[in-house]
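Visitor: sequence first, predicted coordinates after that:
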Protein chains: 2
Amino acid sequence: MTDPGSFLHRSLPEAVYLVLRRKILNNEYAAGQRLVEAPLAEELGVSRSTVREALRQLSVDGLVDISPRRHSVVTRMSYEDIRDACYARFVLEAGAVRCITGNRDDVLGRMQQVVDRMADTAADGDVATMIDLDTEFHGCIIDAAGKQRLAVLWRTLDAQMGALMRSSIDRQHIGLDEAVRRHQYVIDVFRVGSGDEIVAMLEDHYLGAVDSMAEAGVLEGKATGT
Amino acid sequence: MTDPGSFLHRSLPEAVYLVLRRKILNNEYAAGQRLVEAPLAEELGVSRSTVREALRQLSVDGLVDISPRRHSVVTRMSYEDIRDACYARFVLEAGAVRCITGNRDDVLGRMQQVVDRMADTAADGDVATMIDLDTEFHGCIIDAAGKQRLAVLWRTLDAQMGALMRSSIDRQHIGLDEAVRRHQYVIDVFRVGSGDEIVAMLEDHYLGAVDSMAEAGVLEGKATGT
DNA sequence: TGAAAGTCGGTTGTCGACAATCAGCCGTCG
DNA sequence: CGACGGCTGATTGTCGACAACCGACTTTCA
């Protein structure tokens, strides 16, 4: 049962939003799946208006596509979309790095802690948690910059990327140990590199990720041989 | 009269959104002004639900603050907010510049056309149009990068900055001729500069603008002597 | 006189009903 | 046999009503 009331929330639409969001991010609702207001409302025990508002919010997050006068669907991202979002995320993060001028020890410590947890998670093969840790890892950098607006934009993009990664893991396992190594490398460069070196490294980190997904045949429109 | 039907639109909420947006951007609704659903609905001849949805959209754009169980208000931005938004806009634009690898003549030509129009507009003292042209000018750069996602994020921020600038012009005239010169300078650097030089110039261009606004006493919380 | 409790107006939250519209199907016609 | 046009079921669009809630004002009591 997915009772919205079981979620801590400030409003009913937000509770519904959280329920639906979780289902999309966990790939219970696959990309392209129809989301019809009335059935969802009945299932969740709320009115259509409430579901409607939740869907609008999901649309803002880019998780749902709403076509006027047509049912909504879980967003299906093309290879171009993914690459664009990935690049935008990189740009924002690079902008954050430029702002971190003072002592980096604090943020480096937090990042190292996350990577340590990543190592444990990789051993368990827990891909979903791994994705959460990736968000947390990069969130350290974003937050250290102290730019609120930058952070909001970044998190929006991150949620969308997370949705994609989650939908990909059902089809193809990504090497978790390799992911841990890549993040450790980020820390290493972050510790000793210049600003430009860090930015270049981040670009590799981001675009390398999306390219490896593309090679694995995860992304539509760029799968090998299509 | 502000009849939503007089706007080209796909849906009623969008029409209402456009009406309210225009009023906010034109500073007919000042920062901090209450936006109550029922009166707006009656004034526009639509139902509260429709106004409600429009307000939600405006909230996404950052033009309206919605507090649960309280009336909405036109967003009042602090100095920190402005600086953050300005920086985020710069970061996105710098990210776009990095993507413009090929022939720059096309985009430079478009930018020059805009600056020429700016010169005419400055002569007329038409500040509102000037702000639109500023959007168009920088939009040339963003669009030239061909990164859809980047462009969407940038335009959202730009709308908010535009709102601020519009609200500022009532209190303090900014030198329009100076604005024309600054944009011409952008083109000049863009034509001959390296990537890094262009980015550095853009940072000056953006942060210089917000700082001059701050000096003019336009921004709350950083006004001289407040 | 001060604070706490009660009351009231204003505003948003939530809902179900009805209207409008679209896609797909089916029948008809060229 | 293909294309056009109307029909129909499904889905969203729009609306007004009622409920819940918040803040401010008033009243009361120590």
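Guide: Everything's here; your move. Please read these numbers as outputs of a predicted model, since none were measured by experiment. Numbers count the residues shown, from 1 in each chain, chains lettered A, B, ... in the order given.
Visitor: what does chain A put close to DNA strand C?
Guide: Listed as neighbours of DNA strand C in chain A under the rule CB under 7 Å from any atom of the strand: A:Ser11, A:Leu12, A:Pro13, A:Ala41, A:Gly45, A:Val46, A:Ser47, A:Arg48, A:Ser49, A:Thr50, A:Arg69, A:Arg70. Every residue, glycine included, has its C-beta placed from N, CA and C.
Visitor: neighbours of the second one, just the number please.
Guide: Here the count is done by other CB atoms under 10 Å in any protein chain shown, and A:Leu12 has 20 residues near it.
Visitor: correct me, but it touches A:Thr50?
Guide: Yes: between A:Leu12 and A:Thr50 a contact is recorded at 5.1 Å, counting by CB atoms under 8 Å.
Visitor: picking up where we left off before, got a markdown table for the residues of chain A next to DNA strand C, with pLDDT too?
Guide: Below are the residues of chain A next to DNA strand C laid out as a markdown table (pLDDT from 0 to 100):
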| residue | pLDDT |
| --- | --- |
| A:Ser11 | 86 |
| A:Leu12 | 92 |
| A:Pro13 | 94 |
| A:Ala41 | 96 |
| A:Gly45 | 95 |
| A:Val46 | 96 |
| A:Ser47 | 96 |
| A:Arg48 | 96 |
| A:Ser49 | 96 |
| A:Thr50 | 96 |
| A:Arg69 | 88 |
| A:Arg70 | 89 |
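Visitor: now, which of those sits nearest B:Val152?
Guide: B:Val152 has its nearest neighbour among the residues of chain A next to DNA strand C in A:Arg70, at 21.3 Å by CB to CB.
Visitor: hmm, back to that, any chance of a ChimeraX selection covering the buried ones in the residues of chain A next to DNA strand C?
Guide: For the buried members of these, the matching ChimeraX selection, counting by 16 or more other CB atoms under 10 Å in any protein chain shown, is:
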select /A:12,13,41,46,50
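Visitor: out of the residues of chain A next to DNA strand C, which are inside helices?
Guide: Among those, DSSP state H puts A:Leu12, A:Pro13, A:Ala41, A:Arg48, A:Ser49, A:Thr50 in helices.
Visitor: and which of those is nearest B:Arg83?
Guide: Using CB to CB, these come closest to B:Arg83 at A:Pro13, 32.1 Å.
Visitor: which one is the closest one nearest to, not counting chain neighbours?
Guide: Nearest-residue entry for A:Pro13: A:Glu53, 4.0 Å, with adjacent residues in sequence omitted and distances by CB to CB, 6 or more residues apart in numbering or on different chains.
Visitor: isn't that neighbour up against A:Leu20?
Guide: No: between A:Glu53 and A:Leu20 there is no contact under CB under 8 Å: 11.2 Å.
Visitor: tell me which of these two has more neighbours.
Guide: Per other CB under 10 Å, whichever of A:Glu53 and A:Leu20 has more neighbours is A:Leu20, with 25 against 21.
Visitor: so the residue sitting nearest the centre point of chain A is in which element?
Guide: With distances taken as CA atoms, centre = their mean, A:Gly162 lies nearest the centre of chain A, 2.7 Å away. Here A:Gly162 sits within helix A:148-169, counting by DSSP states H and E.
Visitor: then A:Asp65?
Guide: strand A:64-66.
Visitor: repeat that for A:Thr129.
Guide: Going by DSSP H and E, A:Thr129 is in helix A:127-145.
Visitor: on that earlier part again, contact partners of the one helix or strand the residue nearest to A:Pro13 maps to?
Guide: For A:Glu53, the host element (DSSP H and E) is helix A:48-60. Residues from elsewhere that reach helix A:48-60 (CB atoms under 8 Å, 6 or more residues apart in numbering or on different chains): A:12-14, A:16-17, A:20-21, A:24, A:35, A:37-38, A:40-41, A:44, A:64-66, A:72, A:156, B:49, B:53, B:56, B:60.
Visitor: same question, stretch A:71-79
Guide: Applying CB under 8 Å, 6+ apart, the external contacts of stretch A:71-79 come out as A:24, A:29-37, A:55, A:59, A:62-66, A:85, A:160, A:163-164, A:214, A:219-222.
Visitor: these: which ones sit near DNA strand D?
Guide: Subset of the contacts of stretch A:71-79 in contact with DNA strand D: A:Arg34, A:Leu35, A:Val36, A:Glu37, A:Ile66, counting by CB under 7 Å from any atom of the strand.
Visitor: and the first one, what does it touch?
Guide: The contact partners of A:Arg34, taken as CB under 8 Å, 6+ apart, are A:His71, A:Ser72, A:Val73.
Visitor: and if you look at the second one?
Guide: Residues counted as contacts of A:Leu35 (CB under 8 Å, 6+ apart) are A:Leu20, A:Tyr29, A:Leu55, A:Val64, A:His71, A:Ser72, A:Val73, A:Val74.
Visitor: by neighbour count, which of these wins?
Guide: Counting neighbours by other CB under 10 Å, A:Leu20 leads the contacts of A:Leu35 with 25 neighbours.
Visitor: for it, which residues are in contact?
Guide: With contacts defined as CB under 8 Å, 6+ apart, A:Leu20 is in contact with A:Tyr29, A:Leu35, A:Leu40, A:Ala54, A:Leu55, A:Leu58, A:Val64.
Visitor: at 10 Å instead, please
Guide: For A:Leu20, the contacting residues are A:2, A:4, A:28-29, A:35, A:40, A:44, A:51, A:54-55, A:57-58, A:63-64, A:74, by CB atoms under 10 Å, 6 or more residues apart in numbering or on different chains.
Visitor: quickly find the element holding it.
Guide: Assessed by DSSP H and E, A:Leu20 sits inside helix A:12-25.
Visitor: roughly how far out does that helix sit from the chain middle?
Guide: In this view, helix A:12-25 has its centroid 15 Å away from the chain centroid, taken as CA atoms, centre = their mean, to the nearest Å.
Visitor: what residues sit buried inside that helix?
Guide: Across helix A:12-25, burial judged by 16+ other CB under 10 Å covers A:Leu12, A:Pro13, A:Glu14, A:Ala15, A:Val16, A:Tyr17, A:Leu18, A:Val19, A:Leu20, A:Arg21, A:Ile24, A:Leu25.
Visitor: whatever helix or strand A:Ala85 lives in: how far from the chain's middle?
Guide: According to DSSP H and E, A:Ala85 maps onto helix A:79-99. Helix A:79-99 sits 12 Å away from the centroid of its parent chain (CA atoms, centre = their mean).
Visitor: what does the pLDDT read for the nearest residue to A:Glu203 once chain neighbours are set aside?
Guide: Excluding the flanking residues, the one nearest A:Glu203 by CB to CB, 6+ apart is A:Phe90, at 5.6 Å. Per-residue confidence at A:Phe90 stands at 94 (pLDDT).
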